[in-house]
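Undergrad: show me the folded form of this:
(chains A and B)
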There are 2 protein chains.
Amino acid sequence: MLDNLLRPRSVAVIGASTQPGKIGYTVVKNLIEGGYSGRIYPVNPNATELLGLKVYPNVSAIPDTVDAAIITIPAKAVLSAVEECGRKGVKGLIVITSGFSEVGQKDLEEALVATAHRYGMRVLGPNIVGVLSNADRFNGSFAPFLPLPGKASLVSQSGALLIAIDAATFIRRVGFDKLVSIGNMSDVDFADLITWLDQDENTSCISLYIEGFKEGRRFIEAARNAQKPIIALKAGVSAHGAAAAASHTGSLAGAAKVYGAAFQQAGVVQASDLNNLFDRTLALSLQPPMRGDHLLIITNGGGVGVLATDAAEKYGLPLQFAPADLQNELRQYMPEFGSPKNPVDLTGMANSDWYFDAIRHALPHTWVDGLAVLYCETAMTNPQEIAESIKRAVDESGVTNKPVAVSFVGGERSEEAMRWLVEHGIPAYAAPDVAVNALAALREFARNKETLSENFTTCDSNDIERACRIIAHARAEGRDVLTEIEAKEVFAAYNLPVAETRLATSEQEAVRLAHEIGFPVVMKIVSPDIIHKSDAGGVKVNIKDDAGVREAYRTILNNAKSYKPDARIHGIAVQEMAPWGTEVILGSVNDPTFGPTVMFGLGGIFVEVLKDVTFRVAPVSAAQAQRMLDEIRGAPVLAGVRGEGPRDRQALADTICRYATMVLDLADEISESDANPVLVYEVGKGVKVVDARIILKKKPLK
Amino acid sequence: MLDNLLRPRSVAVIGASTQPGKIGYTVVKNLIEGGYSGRIYPVNPNATELLGLKVYPNVSAIPDTVDAAIITIPAKAVLSAVEECGRKGVKGLIVITSGFSEVGQKDLEEALVATAHRYGMRVLGPNIVGVLSNADRFNGSFAPFLPLPGKASLVSQSGALLIAIDAATFIRRVGFDKLVSIGNMSDVDFADLITWLDQDENTSCISLYIEGFKEGRRFIEAARNAQKPIIALKAGVSAHGAAAAASHTGSLAGAAKVYGAAFQQAGVVQASDLNNLFDRTLALSLQPPMRGDHLLIITNGGGVGVLATDAAEKYGLPLQFAPADLQNELRQYMPEFGSPKNPVDLTGMANSDWYFDAIRHALPHTWVDGLAVLYCETAMTNPQEIAESIKRAVDESGVTNKPVAVSFVGGERSEEAMRWLVEHGIPAYAAPDVAVNALAALREFARNKETLSENFTTCDSNDIERACRIIAHARAEGRDVLTEIEAKEVFAAYNLPVAETRLATSEQEAVRLAHEIGFPVVMKIVSPDIIHKSDAGGVKVNIKDDAGVREAYRTILNNAKSYKPDARIHGIAVQEMAPWGTEVILGSVNDPTFGPTVMFGLGGIFVEVLKDVTFRVAPVSAAQAQRMLDEIRGAPVLAGVRGEGPRDRQALADTICRYATMVLDLADEISESDANPVLVYEVGKGVKVVDARIILKKKPLK
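TA: This is a model prediction of the structure:
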């Protein structure tokens, strides 16, 4: 469907102007100068000829089918033009015009889309620079020229940045087939473009500049289904930056951590900054994914070797020594004072033959998953010869499923040699750590894709009806907060291992329940009006006998009444006292972009002081749950500290998956929730949810 | 003194060769082609003429004073050449020749230095590329040309990297006056060069590539005394990288954390990687320090504004909104849909006049401490005009004590405009976050320098003699580990607030001591052979009465005896039971590079799991101690968590200073020590050292 927008065979320019400097003039000029392979129909009631082309008074007058109309007229005139396009049978609209939702004109934008859809037209924009594509020499934009040709395609939410990037492609040697300005995303969004670009024969890597969007799940779905690497630079990750992004695009910027989680779950690789977006895009567009962690570094200089080694650790590919047989092999291609270990140091004497031999033999070795070739420019060697040797060695090795990245540190000769390498499909960078970072991107892509192929845990026999009944009961009482016992019942309906908790409404009942549950027990106030139970003196632990139960019952009741005299009191919960275990927290929020999202962290100081938590968009696969356990800083705690045995990660991961299923199933009901603490026991001994909280979404009054 | 090496007026090249390709030929050729302003005397017994210069058979034959001899002959011939240079009265030696300590020939290197010193000559090298200086057009090296002229000077521990950087200066537009290859540092080291370059009229920023060195305190002293900014890229910070560095230079690579601490204490700014070294060097060499945290960003594109805002937070300069008066002022120079808040968004319509006005009025505002000017290349604006406007606005503002950095994102026109800016003293970068990072470097420089001016806490009335007596006593018994009681006595000699602890050798004495100290008490085994007292069942806490003391005494003794039957037992310590407080740990190590070094961290899980610790080289100033408290991740714990009041930071910082004084005073005696735990109480209530450990340096047998 988007072919009409991204590869149109004919375009009308509505608002084509004879006045140089006007966007309507620039677009026609750019189409012509870009060498567009399709047909161009300028539309303007007040002109007859423009830059050698016949001008039509209106779209209807065009004697041909029109794939796309590029609209540059003022916002107030857009609606009738769209109507006319629809009647003419135009297939898609590229709406450059601004003055819609970004300045508060949300209704006008909605009317634009509604009109277009009535005629089956898709809308790119409004408020965009346009679309550029080398494949069709199509510059349907007001950016002055097509980018350096290449295999990546970029979708940018900032128009100004797209124009600047367009020019920068030539300086940075990163080539693109398409540059697409996405603007207000009134209709066509990131998800649409990802899906289309994934099928585009001229695109090998999808590169995104994102400020913020709303339909997070559509994005994840599209990205998960894509085969090609996707890389995203998310702007507005600082508190202040998020505010700036919001004022800039009028869209909601979700929490950076949730975007990060969603990217990972969607298989999207992240860029840390603009340079990094260029650098990683280059590697992802030219090289295959890196399928294992074994990075080999070949260098002619110890210094750059050390810097690359530092970078390898920093970017998640810590170096290991090469296996003995590979070392023995490599030792042949270096002087005695070289090192075959890793980094493989061919020494400053290394000429192009040595590089050739080392690469030719290292790359096919089964141990090697990816190769970084470093070169420090010397007076004695010719960078171009080294470059050609590298390319020839890679080709002659016959290896096509392992990535190679190169760094030449030097002057103009090195720059030229790197240009040549890039033109021949090998990414090359002016600093060693950048080459390593590029390989790390290829590794992240492979890792992310692996987790995508994993199945979600089947959470059988969930009693959704029971959960909904409990929620309905609370709502019937006009409550948005479930009591602890209700929350635990909802959890239990999803087979979450809650500590047994029952409601007593008299001392006698409390004693009976304590016997049924078994001593020792915990007792807590149950009141919809008391959320912080401990503060109210509403919790007593380690109660060992009947007398203790009776005393606790009275004390808690008195405390609650003096804490909040008008509190509604449902009774007192008698709860199994769970044995001590490692404290963790699960929680959920409803992210404005991604919807039900699960949080995991270690309890106590870890959450309170360090904010050491990690997120995933629900549902969560077993493997993703395991990754959550690993990626918090306090992860070693789960391996057991101070002589404890390792904790039951399996049960904990399973609990996270079930929790995610619950908040997803009940997405229309649950606003926030947490299980805090959850106690995690030794391997094989499971977990126990000690306390539970569910806050419901506020429902509109019927 | 180093003038003879770095600004010689005459040089002899010993080993000058007539064979192109030989280093002895290249050096003479480079001196001539570089346009050296001094006199060149090639020395070679087998030649009479070289590249138009008369060749001398030996140094003695030169009919002139020789400031520096550049030595390129094989290692085995160097000693006699040095001897001859000495006799001739040569003033300094630039020893390019390799084959010394880096390949295990440590004796030869020591002999070289000893001989040189006998004649009052300083030695640069051996195993170096040489010295390059634009000021004298002096290329005394085998790097093929002088670097792009500029105000920075670089000292590199990697020769290959120096040659590559030399070439790269032209590509990266970062100019240098001097490039100095430091090699094996047999004599002239980083400290010497820092001190000299700080006085060098042609150097405004000292840039260092460091793999590792030994005399850390000389380095700190020299850097502290320098007035000019110093920036260091420390290679070998990963575990694997440190190993690579060691094999590369034969020097000890200290722990990355200790280097980082030392840099901060020395006022040295760090670079994160090679690009960052170039980028930060450029800013530090051209711009004044940034004296406050208020960064203002002026931009024509929301996208780059958001990216810069993210970077500001990441690099420690989180953005704040500009004050109202500044906003009102700026509002005049932008269209209605612009934003004067910060980032100041002039919008894509911004021309060079708008930039001029905004900068001209913002820079002098007292609120503004530093300015980042961002520009996204557009079709409508001319980057060169924008650049010239920026420069003119800065000049006309008359402000010279606030830094400005620029980023133009775009193509060749932007690149040219940025070249022009750099030539006119304004650092400019191709990505917005890099400009922000450069300003952050200028801020770090100012912050570090501020702490350097602070005095060290005077730790009065330390009883060094008492401490030494205790240590001597342990040594007399052949011990390297002090008992807890001894360690606490040493601590107490430095007025560290230890929990009162006394030794009982009988039940009766224990009871008496418990009364004197006051109940409750703690009792612990005291044995030089039992270090992990708890594991041995050698600790009992919260003992409340005489019977408890007696029982604990017997139990601890029995446990100790069955744990280690042959353990020497000094008795049982009776200790004041300190009330609960926040647990922290102090410790010290003897770093191979920097000597006595103090560690601070939060106790328990923070140290065990998170390795959340920070270091300083002793002595530690009060302000540095406060920075230590702030820079651990768990820092909020000291502000009080879970309803506690804020902890006594003052007392804790004071304790760190005293601890540092102790380990510095006793540097010859103490190998490692710790105070673990130290309990920190509420403000005004001080701290208490609960347990103490001191391990002595092993002394050589007399």
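Undergrad: going by C-alpha atoms from here, please, whenever you check contacts or count neighbours.
TA: Noted.
Undergrad: hey, what's residue A:94 bridged with?
TA: residue A:70, residue A:124 (DSSP bridges).
Undergrad: list the contacts of it.
TA: Listed by C-alpha atoms under 8 Å, 6 or more residues apart in numbering or on different chains, the contact set of residue A:94 reads A:5, A:68, A:69, A:70, A:71, A:123, A:124, A:125, A:126, A:130, A:131.
Undergrad: what's opposite the last one in the beta bridge?
TA: To tie it back to what came earlier, the one meant is residue A:131. For residue A:131, the beta-bridge partners are residue A:140, residue A:180 (DSSP bridges).
Undergrad: relative to residue A:66, how far out is it?
TA: According to C-alpha to C-alpha, to the nearest Å, residue A:131 and residue A:66 sit 16 Å apart.
Undergrad: any idea which residue sits dead centre in chain A?
TA: The central residue of chain A, meaning the one whose C-alpha is nearest the mean C-alpha position (C-alpha atoms, centre = their mean), is residue A:263 at 1.6 Å.
Undergrad: all strands of the stretch 201-350 of chain A, in order?
TA: Under the criterion DSSP state E, counting those that start in this stretch, the stretch 201-350 of chain A contains strands at A:205-210, A:230-234, A:269-270, A:295-299, A:344-345.
Undergrad: redo those strands as JSON lines? Include mean neighbour count, distance to chain B and mean pLDDT.
TA: JSON lines is the format used below for the strands of the stretch 201-350 of chain A (neighbours: other C-alpha atoms under 10 Å in any protein chain shown; distance: least, C-alpha to the nearest C-alpha, whole Å; pLDDT from 0 to 100):
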{"stretch": "strand A:205-210", "mean neighbour count": "25", "distance to chain B": "9", "mean pLDDT": "98"}
{"stretch": "strand A:230-234", "mean neighbour count": "24", "distance to chain B": "9", "mean pLDDT": "97"}
{"stretch": "strand A:269-270", "mean neighbour count": "25", "distance to chain B": "14", "mean pLDDT": "97"}
{"stretch": "strand A:295-299", "mean neighbour count": "28", "distance to chain B": "11", "mean pLDDT": "98"}
{"stretch": "strand A:344-345", "mean neighbour count": "26", "distance to chain B": "10", "mean pLDDT": "96"}
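Undergrad: please name the residues that touch the residue nearest to residue A:640 when sequence neighbours are not counted.
TA: Distances taken as C-alpha to C-alpha, 6 or more residues apart in numbering or on different chains put residue A:646 closest to residue A:640, at 4.4 Å, once the chain neighbours are dropped. Taking C-alpha under 8 Å, 6+ apart as the criterion, residue A:646 is in contact with A:638, A:639, A:640, A:682, A:683.
Undergrad: near chain B, which residues of the stretch 551-700 of chain A?
TA: For the stretch 551-700 of chain A, the contact set with chain B under C-alpha under 8 Å from any C-alpha of the partner chain comprises A:609, A:610, A:633, A:634, A:636, A:637, A:641.
Undergrad: among the strands of the stretch 201-350 of chain A, which is nearest residue B:557?
TA: Closest of the strands of the stretch 201-350 of chain A to residue B:557 is strand A:295-299, at 55.4 Å (criterion: C-alpha to C-alpha).
Undergrad: report all helices and strands that that closest one contacts.
TA: In terms of contact count using 3 or more C-alpha pairs under 8 Å, 6 or more residues apart in numbering or on different chains; DSSP states H and E, strand A:295-299 is assigned the packing partners helix A:302-314, strand A:344-345, strand A:370-376.
Undergrad: switch the cut-off to 10 Å
TA: The helices and strands touching strand A:295-299, judged by 3 or more C-alpha pairs under 10 Å, 6 or more residues apart in numbering or on different chains; DSSP states H and E, are helix A:302-314, strand A:344-345, helix A:352-362, strand A:370-376, strand A:404-409, helix A:432-452.
Undergrad: got the CA positions of that strand in PDB?
TA: What follows is the C-alpha trace of strand A:295-299 in PDB, where atoms were taken according to Å, rounded to 0.1, in the frame of the first residue of the first chain:
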ATOM      1  CA  LEU A 295      35.400 -11.000  19.100                       C
ATOM      2  CA  LEU A 296      38.900 -11.200  17.600                       C
ATOM      3  CA  ILE A 297      40.900  -8.000  17.300                       C
ATOM      4  CA  ILE A 298      43.800  -7.800  14.800                       C
ATOM      5  CA  THR A 299      46.000  -4.800  15.000                       C
END
